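Colleague: Here is a sequence together with a model predicted from it:
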Amino acid sequence: MTAIASRPAEMDPISRDQLTRPDGSPLRVLVVDDEPSIRELLGLALRYEGWDVATAADGADAVRTARETRPDAVLLDMMMPGMDGLEVLRHLRADLPHIPVIFLTAKDAVEDRIAGLTAGGDDYVTKPFVLEEVAARLHGLVRRTLRGPDDGLLVVGDLVLDEEAHEVTRGGDAVVLTATEFKLLRYLMSNPGRVLSKALILDRVWHHDFGGQGNVAELYISYLRRKIDAGRAPMIHTLRGAGYVLKPSRSS
């Protein structure tokens, strides 16, 4: 079974000004996997999106490369011969304590996901995965990590979400949301302009596999629309067969 689906050529590149360091150079990502095909395809896809990509084929190579390149994020295979992903993470955290790490794993058991996150990983992607999903998760994670201490706001058009105050406004008017609606909106606003599938939304917001019960996501999207878009130019859009996307209205 292949570990990657889709083709880089079909991906919409993220704006280059969102993928730069303070000095204007591209953000750096280290891709660690013992399968050459995965390293090659992830490297190709992420370079297409504007990343400066380094790769490593095993744990020792990953630690050495991270020390040399000082990446801004790491995609790390959990199961590798010799030094596995959990041990690599411990070495990485010693040198780069705040670096975002996404685990790539062929295992989908809950205990394996918990082990990775408990060890200090920031996210996980289960093989086989889709290139667009990996790129979206990586971008969202780094985007949140790079926000400054005074930047606790998510802003898309005239929609503003204050994560610390747990408040939402649109056009200056308060929008009252439940805890789950707030989590869903925060996820949408963390990925503006990107199409998010129902399965991805369920995984990232509810952290459960609902199987075919995509109506849970549909239901809460409808709740958000009533509160966010009611009487205004819509910001939450449905792409039939693909998912949902949040983007500024033309009047914003």
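Modeller: Arrived safely.
Colleague: where does the protein have its least confident helix or strand?
Modeller: strand 4-5 (a mean of 48; mean pLDDT, DSSP states H and E).
Colleague: How far does the helix or strand just after that one sit from its chain's centre?
Modeller: Scanning forward in sequence from strand 4-5 by DSSP states H and E, the next helix or strand is strand 28-32. Relative to the chain's own centre, strand 28-32 is displaced by 15 Å; criterion: Cα atoms, centre = their mean, to the nearest Å.
Colleague: Determine how far the last residue of stretch 239-246 lies from the first.
Modeller: Terminal residues of stretch 239-246 are spaced 11 Å apart (Cα to Cα, to the nearest Å).
Colleague: Determine the three-state secondary structure at A199.
Modeller: With DSSP: H, G, I helix; E, B strand; the rest coil as the basis, A199 sits in helix.
Colleague: measure it to V205 for me?
Modeller: Counting by Cβ to Cβ, to the nearest Å, the gap from A199 to V205 is 11 Å. All C-beta atoms are positioned from the backbone trio N, CA, C, and that covers glycine.
Colleague: quick one: which of the two has more around it?
Modeller: Neighbours per residue (other Cβ atoms under 10 Å) separate A199 from V205, with V205 holding more: 20 against 16.
Colleague: and the more buried one, that's in a helix?
Modeller: Yes - assessed by three-state DSSP, V205 belongs to a helix.
Colleague: any idea how far it lies from E163?
Modeller: Taking Cβ to Cβ, one finds V205 at 15 Å from E163.
Colleague: And for D72?
Modeller: Applying Cβ to Cβ to D72 and E163 gives a distance of 21 Å.
Colleague: More neighbours: the two, which one.
Modeller: D72 (21 against 16).
Colleague: Bridge partners for L76, pull those for me.
Modeller: V32, F103 (DSSP bridges).
Colleague: Please enumerate the helices of the stretch 101-250 of the chain.
Modeller: Taking DSSP state H, counting those that start in this stretch as the test, the helices found in the stretch 101-250 of the chain are 110-118, 131-145, 179-190, 198-201, 215-228.
Colleague: Closest to the centroid, which residue in this structure?
Modeller: R137 (1.5 Å; Cα atoms, centre = their mean).
Colleague: Find the nearest non-adjacent residue to that one, please.
Modeller: D123 (5.7 Å; Cβ to Cβ, 6 or more residues apart in numbering).
Colleague: now swap in L141 and tell me
Modeller: That would be P100: by Cβ to Cβ, 6+ apart, it lies 4.7 Å from L141.
Colleague: wait, isn't A174 in contact with A165?
Modeller: No - counting by Cβ atoms under 8 Å, A174 does not reach A165; the two are 11.0 Å apart.
Colleague: Report the buried residues of stretch 84-98.
Modeller: G85, L86, V88, L89, H91, L92, L96 (16 or more other Cβ atoms under 10 Å).
Colleague: With stretch 124-143 instead?
Modeller: So for stretch 124-143, counting by 16+ other Cβ under 10 Å, buried means 124-127, 129, 131-143.
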